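*Asks:* The sequence and its predicted three-dimensional model are supplied below.
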Amino acid sequence: MNKMARILVTGGAGYIGSICAYHLLQAGHDVVVVDDLSRGHRHNVAPERLRQVNILDTGKLTEILAAQPFDAVMHFAAYIAVGESVESPELYFANNVGGAVSLFRAMRESGVSRLVFSSTAAVYGHPSRSPITEAEPIAPVNPYGESKAAVERMLGWLDRASNLRSVSLRYFNACGADADSGLGEQHDPETHLIPLLLRAVHTGKPATLFGDDYPTADGTCIRDYIHVTDLARAHVLALEYLLDGGATVSLNVGTGRGHSVREVVEAAGEACGRPVPYNIGPRRAGDSPELVADPARLKSLLGWQPRCTDLREIASSAWEFFTRRAK
């Protein structure tokens with residue numbers, strides 16, 4: 001697929017959205033970013049590409065999509081913190097589900113019929129087996145996962161009703177920084193493990209690990225950590241699959257290998273050159289003991305392969321980004 005496409009990227013000033021927007025541009029596509037900057041960062045996007053709009057503003061979205069022909073949308077504009085979703089489920093359904101409804105209405109109104117959706121492995125809840133295939137039942141155990149599952153279900157109905165074709169990418173744990181774009185994680189507040197560990201090293205204030213009594217080898221949760229650059233490559237491939245006429249599908253995006261929280265702590269310490277100070281706290285509501293992808297379907301359908309699977313290398317890229325910003 002060599003045709004240049006024009007893509008609207010919602011949430012494109014955030015961590016994953018901004019890196020995917022960069023890689024879309026590198027692949028020869030044109031990009032317009034929609035972000036209200038409530039959780040994204042203005043400096044992540046070139047000013048001429050940014051439209052500061054809230055995802056719930058259907059009229060503005062329709063106006064942007066109708067102003068020039070768009071070939072597809074990448075949708076990242078969602079809240080992502082499991083703990084926050086448990087405390088404020090109404091916030092997550094209003095933004096994640098309500099925002100998706102607003103976007104899909106605007107897409108139908110303006111005739112845009114292809115979408116790459118930022119979904120999550122949290123739709124699986126407590127899976128019955130590991131690694132997890134896409135055949136695993138959808139059974140989320142927190143409002144964040146429930147909100148993403150609701151959007152995936154909506155996309156299935158929209159495919160039937162209006163031929164809105166989509167690829168839902170079910171992320172496992174995105175991490176690291178993108179070397180080419182110079183972009184990385186900078187959430188406020190930060191909830192992701194690796195940047196919290198790096199902050200602990202930098203400040204000397206211990207990070208809190210949520211639980212060490214899970215039914216795993218070392219008692220801490222096991223996750224599949226995927227480098228954000230590999231994740232961005234999957235998005236570009238998913239887009240080009242849709243542009244080539246691909247059908248609606250949901251795909252796991254992970255490496256197929258799990259690491260415990262303690263293993264991540266060790267890798268982060270090696271990347272920083274000194275131990276990570278940490279405490280053990282209680283379990284966090286809504287956390288599953290183990291989430292590891294079976295990415296075989298993604299590899300087969302899109303020809304994707306992860307290129308960076310070493311935890312220390314991932315942590316090192318994040319540490320380089322962190323220290324650059326800390327200066």
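*Replies:* Nice, I can see it. No experiment lies behind these values; they were computed from the predicted model shown.
*Asks:* and Ser168, helix, strand or coil?
*Replies:* Secondary structure for Ser168, judged by DSSP: H, G, I helix; E, B strand; the rest coil, is strand.
*Asks:* Would you quantify the distance from it to Ala271?
*Replies:* 32 Å (C-beta to C-beta, to the nearest Å). The C-beta positions use only the backbone N, C-alpha and C, and glycine is treated the same way.
*Asks:* Low-confidence ranges, the chain, go.
*Replies:* 1-2, 286, 327 (pLDDT under 70).
*Asks:* Going by residue numbers, what spans are strands in it?
*Replies:* 6-10, 30-34, 50-51, 72-75, 114-120, 165-171, 173-175, 207-210, 222-223, 225-227, 249-253, 259-260, 278-281, 290-291 (DSSP state E).
*Asks:* Tell me which other helices or strands the first one touches.
*Replies:* The criterion is 3 or more C-beta pairs under 8 Å, 6 or more residues apart in numbering; DSSP states H and E, and the helices and strands that strand 6-10 contacts are helix 15-26, strand 30-34, strand 72-75.
*Asks:* returning to that earlier point: just tell me which of the strands of the chain ends up closest to Ala100.
*Replies:* strand 72-75 (6.9 Å; C-beta to C-beta).
*Asks:* Does anything pack onto the closest one? Which helices or strands?
*Replies:* strand 6-10, helix 15-26, helix 98-110, strand 114-120, helix 228-243.
*Asks:* starting at the chain centroid, how far to the first one?
*Replies:* On the basis of C-alpha atoms, centre = their mean, to the nearest Å, the separation between the geometric centre of strand 6-10 and that of its chain is 16 Å.
*Asks:* quick one: buried residues of that strand?
*Replies:* Ile7, Leu8, Val9, Thr10 (16 or more other C-beta atoms under 10 Å).
*Asks:* Equivalent analysis for stretch 130-148, please.
*Replies:* Neighbour counts over stretch 130-148 (16+ other C-beta under 10 Å) mark 130-132, 134, 136, 138, 140-148 as buried.
*Asks:* Among those, which lie within helices?
*Replies:* With DSSP state H as the criterion, helices contain Pro143, Tyr144, Gly145, Glu146, Ser147, Lys148 from among the buried residues of stretch 130-148.
*Asks:* May I see the residues you listed organised as a markdown table, with distance to Val45 added?
*Replies:* Compiled in a markdown table, those are given as follows (distance: C-beta to C-beta, whole Å):
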| residue | distance to Val45 |
| --- | --- |
| Pro143 | 28 |
| Tyr144 | 25 |
| Gly145 | 28 |
| Glu146 | 30 |
| Ser147 | 25 |
| Lys148 | 24 |
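*Asks:* between the residues you listed, which is closest to His41?
*Replies:* Tyr144 (21.3 Å).
*Asks:* got the contact list for the closest one?
*Replies:* Listed by C-beta atoms under 8 Å, 6 or more residues apart in numbering, the contact partners of Tyr144 are Tyr79, Ile80, Ala81, Val82, Glu84, Ser85, Tyr92, Asn96, Thr120, Ala122, Gly286.
*Asks:* Now neighbour count and distance to Gly211 too, for these, in TSV please.
*Replies:* As requested, the contacts of Tyr144 are exported to TSV (neighbours: other C-beta atoms under 10 Å; distance: C-beta to C-beta, whole Å):
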residue	neighbour count	distance to Gly211
Tyr79	19	23
Ile80	24	20
Ala81	18	17
Val82	22	13
Glu84	17	18
Ser85	25	18
Tyr92	26	22
Asn96	22	25
Thr120	25	20
Ala122	26	17
Gly286	18	12
